[in-house]
Every structure is written in structure tokens, then in C-alpha cells.
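J.: generate a structure from the sequence data that follows.
(chains A and B)
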Amino acid sequence: MTILTFTIILLVGAYLAGLVGSLTGLGGGVVVIPLLTLVFHVDIRYAIGAALLASIANSSGAASAYVKEGITNIRLGMFLEIATTVGAVIGALLAVYTPTNTIAILFGCILFFSAAMTLRKKNQLALTEGSKTAAFLKLNGSYPTPEGQVDYKLKNVGAGFSIMTLAGILSGLLGIGSGALKVLAMDSTMHIPFKVSTTTSNFMIGVTAAASAVVYLQRGYMDPTIAFPVVLGVLGGAFTGAILLKKLDPKVLRYIFCAAIVFVAAEMMYNGFQHKF
Amino acid sequence: MNANNNGKNLGDRDIELLVGRLLRTGVITASCIVLLGGILFLIQHGSALMPSYHRFNGEDNSFTTFGGIISSTLQFNAKGIVQFGVMVLIATPVLRIALSLLGFALEKDKLYVIITTIVLCVMLFSTIGGLKV
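T.: The predicted model follows:
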């Protein structure tokens, strides 16, 4: 295969990955890794490097819109970024000493979990009683809804912070945004309304991915030939996805794609156990 | 964020809008550089055979260090330009933290100046901490 053919196929693949990632809410990076490893037989470490870049591009692109709308809780994001960036650096270091097959199996597990998370019931309720820690850290906030500005408070800050550290480690180890774990920490543990937790999680993914991306870049895991089509393709796909999401109800699509993702996760795990990476 | 304090609310909004603009500009700039380098690369090497990525070999120094990437970009090396775009992309969230730090400092929010500084230090540590194994 010539470089031109490889680039064009990868560009189309990354575009679809960005589209699926955006429609399911999983993020394009998660879909790029199986695409590169299972379809193109690229070493998983190159795939992780490219996926991290896709995550940064996705997150920054989407966050710019959400921040403007005033839904993102910037203080909360900043506070939790301590946990995710420290975790991401640890994860990136662990990645060197972890066999690629183990990374693939772990990736499959997280993919299963993420698919399940997108189908769960979402927390819409805003807490009126928060914890003292939340008040001290000024984490309580308000966000715009069709019915006007809604105030919310949060609790279990310590537990949320711990889950965020784990999310950071997995992000650095597997090259994904771990959006599902981030939402779990904020939505289910800290009781933040769904809209705020999703947008704040998205806002944090860029910083988390950047913390491990520099480590990957310096170690030579970022290949320009792969990075070029992946970054542009995923961004284009995510952009199309954002437009589509405004026009159609993604519920049915979400189920279909989640089934597909589960299949991909199984494939990753199977190949990992067969030592094919 | 704090609805009881209008002055503070206004300051937060301004910073939020600036952060949004910075993120968008960063991503667009990075994509344009990557696209430029990518097209140049395809013109020069498009018909060459695809290298094997099945085994991990790592990149050479000119694409993994700050100095290396800058100097290969200045030499109009196509891969170097793509890598430069990659660097701009990675730098975007880091600049966002720096901007937030400035915002919190202007608001005299000491607690968040400290928190933001910690995050920035972690980022700096991973960048220049010699984590290259």
C-alpha cells in the first residue's frame, strides 16, 4: 500500500470514528484505536499517540462552544484536573512497562464499560444541599436550562476526586479521554446534573490528554504520517456529528453504535488474549 | 458562577468567553498547520510505500524534541510541519490553563490561583521533567 492510499483510507476511517464518537458521546479517540490496530495492524502505542491527539482536538473544539453557553463549571474542572493530570502522567509512565496485549485487554474492558455508561439513566436532579468541602472549594454553581438558571450543589468531593485520578491513569495508559469514568465521578458520585457533568468532563479531557500526550510525543509514539489523517478526520467527523445531533434524536443510533462498540471491544480483548498485539 | 455576587459573575463570564475563543483558535490553527504539512508530505512521498507500523520503532529526535521539531519545521520538512501542528494542538489546553490562572488572579481568587498553579506545574513536570524513558 502506498502512503497516499493509506492516508486516504485512514482519513475516511478517522472521519467515521469521529462521527460515531460524537453521536455516542464516547469521543473519537476511543474508536480510532481499534481502527488502527484491528484494521491497519498498527502497533497499539502508535494508535494511542494518535488517539490522544484526536481527544485533544475533539475536546477543545467542543468545549469552546459549551464554555460560551455557560454550562461548563470551570472551577470544578480546574480542581479535578489536579487529579486527572497527575493520573495521566502516572498512566503514561505505566504504559512503557505494560505489555501491549495487556493494554489491549484493558482497553476492551473500558470500551465495554463506556458503552454501558452511555445507555444508563442520567442524573437530571440538582442537589440543594451540598457538602462543606464543596462550599469551601466553591464548586457549587448554576447552569442555564430552558426554564431559566438552575442552582446546583454537590457532595462526595473526595470520592469524586479519587475516581478522577483513576480516570486520569486510564487516560494516560490507554490514550483515551475516559469520558465515561469522568461522568461517573461527577454524575453518579458528586451528584452533578447531567448536562454540567458532560460538558465539564469534555472540558477536562483536553488538559488530561495533553498531560500524557507530551510524554508520548517525547517517547516517539506520535507518528506524523498517522497523526495527520487521524487529527483532521476525527475533527471533521465530530463536526458533522455535532450538526447531526441538533437535527435528529440520537437514541436509536446510540443503541446501534453501542452494540457495534461492544463487538469491537470483544474483538480487542480476544486479540489481546491471543497475543496478537 | 456565584449568582449572589454580580461583580464576580461578570469576571467569570469574560474569562469563559476568552477561554472559548482561545480553544477554538488553537484547534483551527493546529489543523491548518497539520493540513499544510500533510499535503506537502503527500506531494513529496505519497507514492512511496507505507512504512510498517506493525512493530514499534519510535521516531527520531527531529520529531520528538521541541528543538528538533522547530528546526525541521524551519527547514520546511513536511513531517516536521505536521509535528509542529501537533505541538500547537497539545499546547492549546496548556495555554487555556495559563489563561484561567490569569483570570483567577484578576479576580483575586487565591484558592483557585493555587489550584491552577498546581495543574500548570504538573503539566510542566510532564513536559520538561525528563520522563523520556
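J.: around chain B, pick out the residues from the stretch 51-200 of chain A.
T.: Taking CB under 8 Å from any CB of the partner chain, the part of the stretch 51-200 of chain A that reaches chain B is made up of A:53, A:56-57, A:59-61, A:63-65, A:67-68, A:70, A:72-75, A:78-79, A:81-82, A:85-86, A:88-89, A:92-93, A:96, A:137-138, A:141-142, A:149, A:151. C-betas here are computed from N, CA, C, even on glycine.
J.: could you rerun that using 7 Å?
T.: Contact residues (CB under 7 Å from any CB of the partner chain) of the stretch 51-200 of chain A with chain B: A:53, A:56-57, A:60-61, A:63-64, A:67-68, A:70, A:73-75, A:78-79, A:81-82, A:85-86, A:89, A:93, A:96, A:141-142, A:149, A:151.
J.: pull the contacting residues for whatever residue of chain B ends up closest to chain A.
T.: Closest contact between chain B and chain A, by CB to the nearest CB, is at residue B:58 (3.3 Å). The contact partners of residue B:58, taken as CB atoms under 7 Å, 6 or more residues apart in numbering or on different chains, are A:219-220.
J.: sorry, back to before: in PyMOL, how would I select the buried members of the residues of the stretch 51-200 of chain A next to chain B?
T.: To isolate the buried ones among those in PyMOL, judged by 16 or more other CB atoms under 10 Å in any protein chain shown, type:
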select buried, chain A and resi 53+56+57+60+61+63+64+67+68+70+73+74+75+78+79+81+82+85+86+89+93+141+142
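J.: could you list which of the residues of the stretch 51-200 of chain A next to chain B belong to helices?
T.: Among these, DSSP state H puts A:53, A:56-57, A:60-61, A:63-64, A:67-68, A:74-75, A:78-79, A:81-82, A:85-86, A:89, A:93, A:96 in helices.
J.: for residue A:229, see how far away the residue of chain B closest to chain A is.
T.: According to CB to CB, to the nearest Å, residue B:58 stands 20 Å off from residue A:229.
J.: low-confidence regions, chain B specifically.
T.: Scanning chain B for pLDDT under 70 picks out B:1-12, B:129-133.
J.: nearest the geometric middle of chain A, what residue?
T.: residue A:177 (2.8 Å; CA atoms, centre = their mean).
J.: contacts only, for the closest residue to that residue other than its chain neighbours.
T.: Distance criterion CB to CB, 6 or more residues apart in numbering or on different chains; nearest residue to residue A:177, sequence neighbours excluded, is residue A:205 at 3.8 Å. Contacts for residue A:205 (CB under 7 Å, 6+ apart) come out as A:55, A:59, A:177, A:179.
J.: what's the spacing between residue A:205 and residue A:59?
T.: From residue A:205 across to residue A:59, the span is 4 Å (CB to CB).
J.: pull the helix or strand with minimum mean pLDDT from chain A.
T.: Each helix and strand of chain A was given a mean pLDDT (mean pLDDT, DSSP states H and E); the minimum falls on helix A:179-183 at a mean of 79.
J.: any idea of the mean pLDDT for whichever helix or strand comes after that helix?
T.: As assigned by DSSP states H and E, the chain's next helix or strand after helix A:179-183 is helix A:194-218. Averaging pLDDT along helix A:194-218 gives 88.
J.: can you pull the buried residues of helix A:194-218?
T.: A:195-218.
J.: kind regards, and thank you for your time.
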